[in-house]
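In: my questions are about this predicted structure, shown below with the sequence.
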Amino acid sequence: MEIKNQQYSIQGIPLLEIARKYQTPVYVYDGQKILQQVAALKNAFSTVNMKIKYATKALSNISILQLMRKAGTGVDAVSIEEVKLCLHAGFVPGDIMYTPNCVDFEEIREAVDLGVMVNVDNIPMLEHFGTEYGNSVPLCIRLNPHILAGGNSKISVGHIDSKFGISILQLKHVLKIVEAYELNVAGLHVHTGSDILDAEVFLKGAEILFDAAREFADLEFLDFGGGFKVGYKDGDITTDIADVGQKVSKAFQEFCKEYGKELEIWFEPGKFLVSECGYLLVKANVVKPTPATTFVGVDSGLNHLLRPMMYDAYHGVVNISKLDGPERVYTIVGYICETDTIAADRKLKEVKEGDILAIKNAGAYGYSMASNYNSRFRPAEVLLMEGRDHLIRRRETFEDLLRNQESIEL
Ligand SMILES: *Cc1c(COP(=O)(O)O)cnc(C)c1O
């Protein structure tokens with residue numbers, strides 16, 4: 001977001017105009033920013049054979065998926081529905097990795113039938129896979145390295161009591177199953193959590209992954225998952241992607257030399273690719289002074305952006321209706337009948353009823369976690385590309401709330 005001709009703009013398009021044209025609340029995505037992030041990641045790993053598998057769950061609108069495909073990424077899907085969305089968006093099965101957790105084997109079968117690589121995350125499923133497919137279908141194994149990483153316990157998935165992956169302590173057992181069924185293990189995977197800051201965590205994961213990889217003869221890739229941290233406020237420390245790229249690439253090259261084969265290195269970023277591109281535009285309905293604080297009540301809430309309440313996530317907020325004048329301290333809250341604080345004690349240019357606020361970092365886990373709680377419609381989504389705005393999802397309507405409900409005689 002930049003200030004251009006006295007307006008907050010993206011790609012030269014004033015965000016106020018987007019709010020006027022599509023009404024609020026509306027999610028707006030800067031497509032150029034997504035392409036920049038893809039390029040930055042590719043750049044950081046230019047010396048190794050790196051493949052990006054965008055974590056679909058972060059933002060799964062099919063136009064975003066199509067943009068990723070045009071940018072040359074693959075995808076990681078965590079449900080069979082996401083697999084189908086990715087196919088619908090034009091990805092070929094070979095570009096899709098399916099990383100399920102606690103799903104019925106029927107979904108695994110469906111994924112295999114669709115030609116998608118499966119990332120197996122528990123021992124019973126590995127045996128089931130062996131019984132059903134033997135060595136006829138290549139697979140990936142998700143290992144849990146037991147590294148504590150990530151900004152919040154809800155997004156840290158690599159620790160000892162995490163439900164994800166097969167414990168690295170069970171590697172011997174895994175190897176017995178691999179041998180017994182002559183499994184075709186093409187890749188090994190770790191994903192330790194979200195909001196990982198530095199190269200050290202990736203390098204720690206890498207060491208564990210390399211140790212495990214030495215036990216497998218025919219690997220084609222190692223998958224390091226996602227979790228790169230992005231900036232949320234001015235001065236925030238973010239992942240130094242160039243530094244991570246340099247250090248991890250070097251370790252990876254050394255491992256490949258020892259392994260005797262040029263493997264691919266995979267990453268599955270969600271946040272890194274789409275967090276900063278997104279803005280949720282909302283309207284100030286009420287400015288309400290109380291003895292404790294001045295609330296700004298907006299026409300959205302935890303139904304549309306769950307992260308502040310779910311993860312205590314910080315989202316920057318800007319009053320895009322007002323460029324100058326004094327700042328005041330506000331607590332921005334939603335219209336949901338439940339405490340739904342979006343941002344507490346923030347300095348904003350003086351807010352008046354009807355002003356439009358932009359909530360930043362709303363691209364990842366924003367719309368994809370939105371619901372109809374309080375029977376509100378989910379917002380529209382708009383993608384900005386090459387200086388033009390494209391509606392990529394209509395706002396819901398009353399019919400959408402009634403869809404699938406059955407009226408019965410009572
Ligand atoms: C959620 C998830 C990711 C993406 O995590 P980010 O923090 O958004 O980068 C990657 N891989 C797997 C398996 C995931 O579940």
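Out: Arrived safely, thanks for sending. Numbers count the residues shown, from 1 in each chain.

In: is the residue in the stretch 301-410 of the chain that the ligand sits nearest to in a helix, a strand, or coil?
Out: Per Cβ to the nearest ligand atom, Ala364 is where the stretch 301-410 of the chain lies closest to the ligand, at 5.8 Å. Where you see a C-beta, it was placed from the backbone N, CA and C, and this is true even at glycine. With DSSP: H, G, I helix; E, B strand; the rest coil as the basis, Ala364 sits in coil.

In: tally of neighbours for it?
Out: 25 (other Cβ atoms under 10 Å).

In: ok, now which ones touch it?
Out: Ala58, Leu59, Gly270, Lys271, Leu273, Val274, Ser275, Gly278 (Cβ atoms under 8 Å, 6 or more residues apart in numbering).

In: can you tell me the closest non-neighbouring residue to the last one?
Out: Spatial nearest neighbour of Gly278, excluding adjacent residues (Cβ to Cβ, 6 or more residues apart in numbering): Gly363 at 2.6 Å.

In: distance check, the one you found against Met97.
Out: 21 Å (Cβ to Cβ, to the nearest Å).

In: what's next to the helix or strand harbouring Ala39, contact-wise?
Out: If you go by DSSP states H and E, Ala39 is part of helix 31-44. For helix 31-44, the external contacting residues (Cβ under 8 Å, 6+ apart) are 11, 50, 52, 64, 67-68, 71-73, 241-242, 244-246, 249, 267, 269, 272-274, 276-277, 363, 383-386.

In: from those, list the buried ones, please.
Out: Buried subset of the contacts of helix 31-44 (neighbour count, 16 or more other Cβ atoms under 10 Å): 11, 50, 52, 64, 67-68, 71, 73, 241, 244-245, 249, 267, 269, 272-274, 276-277, 363, 383-385.

In: of these, which belong to helices?
Out: Among the buried ones among the contacts of helix 31-44, the residues falling in helices (DSSP state H) are Ile64, Leu67, Met68, Ile241, Val244, Gly245, Ser249, Phe272, Leu273, Val274.

In: ok, and of those, which contact the ligand?
Out: Among these, the residues within reach of the ligand (Cβ under 6 Å from any ligand atom) are Phe272.

In: wait, a strand at Tyr314?
Out: No. Per three-state DSSP, Tyr314 lies outside any strand segment and is coil.

In: measure the residue nearest to it when sequence neighbours are not counted to the ligand for me?
Out: Distances taken as Cβ to Cβ, 6+ apart place Tyr232 nearest to Tyr314, at 4.6 Å, with adjacent residues excluded. Look at Tyr232 and the ligand: by Cβ to the nearest ligand atom, to the nearest Å, they are 13 Å apart.

In: which SS class is Tyr232?
Out: coil.

In: now do Gly235
Out: Taking three-state DSSP as the rule, one finds Gly235 in the coil state.

In: partner strands of the worst-scoring helix or strand of the chain on mean pLDDT and their direction?
Out: Scoring the helices and strands of the chain by mean pLDDT, DSSP states H and E places strand 2-4 at the bottom, with a mean of 86. Neighbouring strands of strand 2-4 in its sheet, by DSSP bridges, are strand 7-10 (antiparallel).

In: residues of the strand it pairs with that come out buried?
Out: By 16+ other Cβ under 10 Å, the buried positions in strand 7-10 come out as Tyr8, Ser9, Ile10.

In: quick one: whichever helix or strand comes after that strand to chain centroid distance?
Out: As assigned by DSSP H and E, the chain's next helix or strand after strand 7-10 is strand 13-14. Relative to its chain's centre, strand 13-14 lies at 26 Å (Cα atoms, centre = their mean, to the nearest Å).

In: what's next to the helix or strand following strand 13-14, contact-wise?
Out: Heading C-terminal from strand 13-14, the first helix or strand you meet, by DSSP H and E, is helix 15-22. Residues from elsewhere that reach helix 15-22, judged by Cβ under 8 Å, 6+ apart: 1, 7-9, 26, 28, 279, 281, 283, 320-321, 356, 358, 380, 382, 384, 389, 391, 395.

In: mind checking which of those land in strands?
Out: With strands taken from DSSP state E, the overlap with the contacts of helix 15-22 comprises 7-9, 26, 28, 279, 281, 283, 356, 358, 380, 382, 384, 389, 391.

In: by neighbour count, which of those wins?
Out: The most crowded member of those, judged by other Cβ under 10 Å, is Tyr279 (31 neighbours).

In: how many residues are close by whatever residue of the stretch 101-250 of the chain ends up closest to the ligand?
Out: For the stretch 101-250 of the chain and the ligand, the shortest gap (Cβ to the nearest ligand atom) falls at Gly226, measuring 2.7 Å. By other Cβ under 10 Å, the residues close to Gly226 number 24.

In: would you mind listing what in the chain touches the ligand?
Out: Going by Cβ under 6 Å from any ligand atom, the residues of the chain near the ligand are 55, 57-58, 76, 78, 99, 191, 194, 225-228, 268-272, 364.
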